[in-house]
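> pasted the sequence and its predicted model underneath.
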Amino acid sequence: QVQLVESGGGLVQPGGSLRLSCAASGFTLDSFAIGWFRQAPGKEREGVSCIAASGGNTYYADSVKGRFTIYRDNAKNMVYLQMNSLKPEDTAVYYCARSLLFTIAPHPYDYWGQGTQVTVSS
């Protein structure tokens, strides 16, 4: 069955880095765009970044541009989100999801992972 499993979250100090991983199984990863979304307590879900199926196109929310990098290794069925210069406002549960469309809008994403907690605090 289709599965997306996130890992790599944790507690990090402001200014630190984390790399999130999204392991895909049960489908052909290189046919799908992958998006990273996050949701903080009491806030709406936010689209953070997405990458096209081929990896040729990427998108970043203004809030993370210049600090986060999304990339993928289709041969390993993995997608990554490298997060640098982390800020307390990056604290959230981070989810990866798949879509046939390259978009940050959440509705085309049909399968989601269970999420991984990222906490940025001193």
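Cool, got the structure.
> go ahead and flag the most central residue of this structure.
Trp36 (2.6 Å; C-alpha atoms, centre = their mean).
> the host helix or strand of that one packs against which elements?
Element membership of Trp36, judged by DSSP states H and E, is strand 33-39. Applying 3 or more C-beta pairs under 8 Å, 6 or more residues apart in numbering; DSSP states H and E, one finds that strand 33-39 contacts strand 18-25, strand 46-51, strand 68-73, strand 92-99. Yep, even glycine has a C-beta here, placed from its N, CA and C like the rest.
> buried residues in stretch 28-44, which are they?
Neighbour-count burial for stretch 28-44, with 16 or more other C-beta atoms under 10 Å as criterion, is recorded at Leu29, Phe32, Ala33, Ile34, Gly35, Trp36, Phe37, Arg38.
> list the contacts for Asn84?
Applying C-beta atoms under 8 Å, 6 or more residues apart in numbering, we find Asn84 in contact with Ser17, Arg67, Phe68, Thr69.
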